[in-house]
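Colleague: 3D model of this:
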Amino acid sequence: MDLFKEKEDMSVPSPLAYRICPRGLDEYVGQEHILAPGKLLRRAIEADRITSIILYGPPGTGKTALARIIAAKTDSHFEWLNAATIGLDEIRKVIQSAKQRKLNGVKTILFLDEIHRFNKLQQDALLPDVEEGNITLIAATVENPFFYVNSALLSRSQIFELKPLSEDNLLTILQHALSDKERGLGNMQIMADEAALRHIARMSDGDARKALSALEIAALTTLPGEDARIKMTVNIAEESIQKKAVVYDKKGDQHYDTISAFIKSMRGSDPDAAIYYLAKMLYAGEDPRFISRRIVICASEDVGNADPMALVVAVSALRAVEFIGMPEAKIPLAQATIYVAKAAKSNACYKAIEAASNDVATEETLEVPDHLKDSHYPGAKKLGHREGYKYPHDYGGHVEQDYLKKKKKYYNP
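Modeller: Numbers count the residues shown, from 1 in each chain. Presented below is the predicted three-dimensional model:
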């Protein structure tokens with residue numbers, strides 16, 4: 001089955017994101033953690049020894065492209081289904097045909113897109129034939145399969161996570177699309193500013209399909225100049241991907257200046273300024289996990305025990321970011337930002353650990369007093385461990401005794 005051959009009589013060409021789909025592993029960009037030379041999945045594809053696998057990751061990260069590559073490399077019959085549009089009857093027909101092919105010595109690979117849309121009954125229908133080898137299942141999902149796929153099916157499949165493509169990955173894909181004369185835009189004489197391509201790559205959130213769609217829109221809607229060339233500028237890129245370019249370099253001064261202003265605004269109890277900087281960072285594509293970690297640190301360093309709930313809210317926001325992802329994650333981030341900004345402030349805990357750390361690093365190490373030492377192992381009491389220790393609960397919850405051999409004062413609430 002040739003998944004790459006375009007129909008000659010098609011009056012409307014396929015979208016660029018489909019046409020430029022990689023035809024082999026050498027053209028595939030990204031996912032080096034599972035596809036670099038020597039990695040398990042690459043070895044299995046090259047050796048045509050694919051077992052049932054589940055590919056999961058965000059949209060546009062190459063799940064479908066990888067399935068096409070497997071289809072091109074395998075000698076098996078290839079079936080392509082989308083879980084959003086089929087039911088049990090279609091599954092049974094595919095499996096019945098696969099059993100007939102197996103009798104003739106032909107394997108069947110079933111690519112099932114959006115498997116998370118299948119309910120338990122539908123997934124169970126696949127299980128016996130996966131186990132018996134009647135089909136080799138390649139399933140794709142944007143959801144965590146450990147939550148959406150039956151444990152029995154998981155145990156019979158290898159699971160590979162596809163990560164969002166990096167900005168450099170996307171830039172490589174865009175440049176290839178511009179230069180490819182056979183399937184890409186190489187015949188259109190496009191002069192694209194690198195800044196324009198980087199803006200598209202940055203604003204695509206790791207999604208190659210989104211990046212290629214924006215590039216195609218820019219190419220098809222921009223009139224050629226007097227020299228017959230299409231000039232693609234940052235302004236055109238902004239319009240094509242429908243986001244303006246914010247001056248923000250995630251590795252440069254803007255990154256550090258903005259996060260610094262964000263933290264100082266929370267510390268200074270200005271929720272409006274803090275929210276603005278939060279919005280700016282998210283719009284520019286800053287990693288929301290990085291932002292949430294800074295909120296957690298601020299909640300301890302600048303709020304501390306003046307309002308212990310600040311840390312609870314901040315950590316909850318961090319977990320929410322990891323669980324739900326963008327764009328919805330901006331809501332718990334905003335909640336935590338405003339809470340920390342409005343909370344009472346105290347840096348007493350921060351100052352306490354800094355002072356204690358300095359003493360540990362620069363002064364003679366203080367030995368633990370004998371009455372506080374562990375006494376649970378044989379012979380400990382002979383060494384005087386725990387002797388004279390006063391159990392605070394026997395004294396109403398508090399009793400004076402030495403907890404350090406040298407009097408220290410670190411915590412000043």
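Colleague: switch to C-alpha atoms for all contacts and neighbour counts from now on
Modeller: Fine.
Colleague: Counting neighbours, what do you get for the nearest residue in space to Asn82 that is not next to it in sequence?
Modeller: Excluding its sequence neighbours, the residue lying closest to Asn82 (CA to CA, 6 or more residues apart in numbering) is Asp113, at 4.7 Å. Neighbourhood size, Asp113 [other CA atoms under 10 Å]: 22.
Colleague: wait, Asp113 sits on Leu137?
Modeller: No. Assessed by CA atoms under 8 Å, Asp113 is found out of contact with Leu137, at 10.5 Å.
Colleague: just for the chain, where's the confidence low?
Modeller: For the chain, the stretches flagged by pLDDT under 70 are 1-12, 243-253, 380.
Colleague: run the last query once more with 80
Modeller: 1-13, 71-72, 74-76, 242-255, 372, 375-384 (pLDDT under 80).
Colleague: what residues go with each domain of it?
Modeller: 31-161, 167-241, 253-342, 364-395 (automatic domain parsing).
Colleague: Please report the separation between the first and final residues of the shortest one.
Modeller: In other words, domain 364-395. Across domain 364-395, the terminal residues are separated by 33 Å (CA to CA, to the nearest Å).
Colleague: Then the first one?
Modeller: Using CA to CA, the gap from the first to the last residue of domain 31-161 comes to 9 Å.
Colleague: So which residues of the stretch 1-150 of the chain form strands?
Modeller: In the stretch 1-150 of the chain, the segments counted as strands under DSSP state E, counting those that start in this stretch are 53-56, 77-82, 108-113, 136-141.
Colleague: Would you verify that Ile173 is located in a helix?
Modeller: Yes. Ile173: assigned to a helix according to DSSP: H, G, I helix; E, B strand; the rest coil.
Colleague: Number of residues surrounding it?
Modeller: Residues near Ile173, counting by other CA under 10 Å: 22.
Colleague: Can you give me every residue that contacts it?
Modeller: Val29, Ala208 (CA atoms under 8 Å, 6 or more residues apart in numbering).
Colleague: distance of it from Ala261?
Modeller: 35 Å.
Colleague: and what of Asn82?
Modeller: Taken as CA to CA, the span from Asn82 to Ala261 is 47 Å.
Colleague: and what of Gln175?
Modeller: 35 Å.
Colleague: try Lys63
Modeller: The gap separating Lys63 from Ala261 is 39 Å, by CA to CA.
Colleague: Between the two, tell me which one has more neighbours.
Modeller: Applying other CA under 10 Å to Lys63 and Ala261 shows that Lys63 carries more neighbours, namely 23 against 15.
Colleague: residue boundaries of the strands in the stretch 251-400 of the chain?
Modeller: With DSSP E, counting those that start in this stretch, there are no strands along the stretch 251-400 of the chain.
Colleague: doesn't Ala273 make contact with Asn265?
Modeller: Heads up, residue 265 is Ser, not Asn. Yes. Between Ser265 and Ala273 there is a contact under CA under 8 Å: 6.0 Å.
Colleague: Give me the more crowded residue out of the two.
Modeller: Taking other CA under 10 Å, Ser265 and Ala273 do not tie; Ser265 has more neighbours (21 against 18).
Colleague: What sits closest to the more buried one if chain neighbours are left out?
Modeller: Using CA to CA, 6+ apart, the closest residue to Ser265 is Ala274 (5.1 Å).
Colleague: List the contacts of that neighbour.
Modeller: Ala274 neighbours (CA under 8 Å, 6+ apart): Ala261, Phe262, Ile263, Ser265, Met266, Thr337, Ile338, Ala341.
Colleague: which stretches of the stretch 101-250 of the chain form helices?
Modeller: 120-132, 145-148, 151-155, 167-179, 194-203, 208-221, 234-241 (DSSP state H, counting those that start in this stretch).
Colleague: Asp370: which of those is closest?
Modeller: Minimum separation from Asp370 across the helices of the stretch 101-250 of the chain (CA to CA) falls at helix 145-148, 50.3 Å.
Colleague: What residues sit buried inside the closest one?
Modeller: For helix 145-148, the neighbour count (16 or more other CA atoms under 10 Å) marks Pro145, Tyr148 as buried.
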